[in-house]
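Q: Can you look at this prediction? I've put the sequence above it.
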Amino acid sequence: MHVLGQSKICYIFSFEHAHDLQLLIAYGPCAVARALLIVDYWRPGLLLEKFVIPCARIWVLMFGLLLESYTAEAGFCLGKAIGEVI
């Protein structure tokens, strides 16, 4: 993997093997150096300065929850406390 370009918060990576990119996208986003790394495919006409991530799926671990909290309704409420549930 090589960095080909960057803006303030975005980077352009080049991968030697397409499989490496596919793994990052399939299992991402992930945390790297206490920052969130979200990888997406390049699209023609994409400008780094104007690039926006409209939404991202993330997995959140919560420890110390009571057993009664393990319901769909409680999960939705906890998710809304963190951000928008999609």
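A: On my side now, so go ahead.
Q: Next one, pLDDT for the closest residue to residue 38 other than its chain neighbours please.
A: Ranked by C-beta to C-beta, 6 or more residues apart in numbering and with sequence neighbours excluded, the top spatial neighbour of residue 38 is residue 29, at 4.3 Å. Bear in mind the C-beta positions are built from the backbone N, C-alpha and C, glycine included. The score at residue 29 is 79. That number is its pLDDT.
Q: tell me the contacts of residue 29?
A: If you count contacts by C-beta atoms under 8 Å, 6 or more residues apart in numbering, residue 29 has them with 36-39, 56-58.
Q: Distance of the nearest residue to residue 7 once chain neighbours are set aside relative to residue 12?
A: Of all residues not flanking residue 7 in the chain, residue 48 sits nearest, at 3.7 Å (C-beta to C-beta, 6+ apart). Applying C-beta to C-beta, to the nearest Å, the value for residue 48 to residue 12 is 7 Å.
Q: hey, what's in contact with both of the two?
A: With C-beta under 8 Å, 6+ apart, residue 48 and residue 12 have common neighbours 5-6.
Q: quick one, helices of the chain?
A: 18-27, 72-82 (DSSP state H).
Q: Identify all contacting residues around the last one.
A: By C-beta under 8 Å, 6+ apart, the list of residues contacting helix 72-82 from outside reads 60, 62, 68-69, 85.
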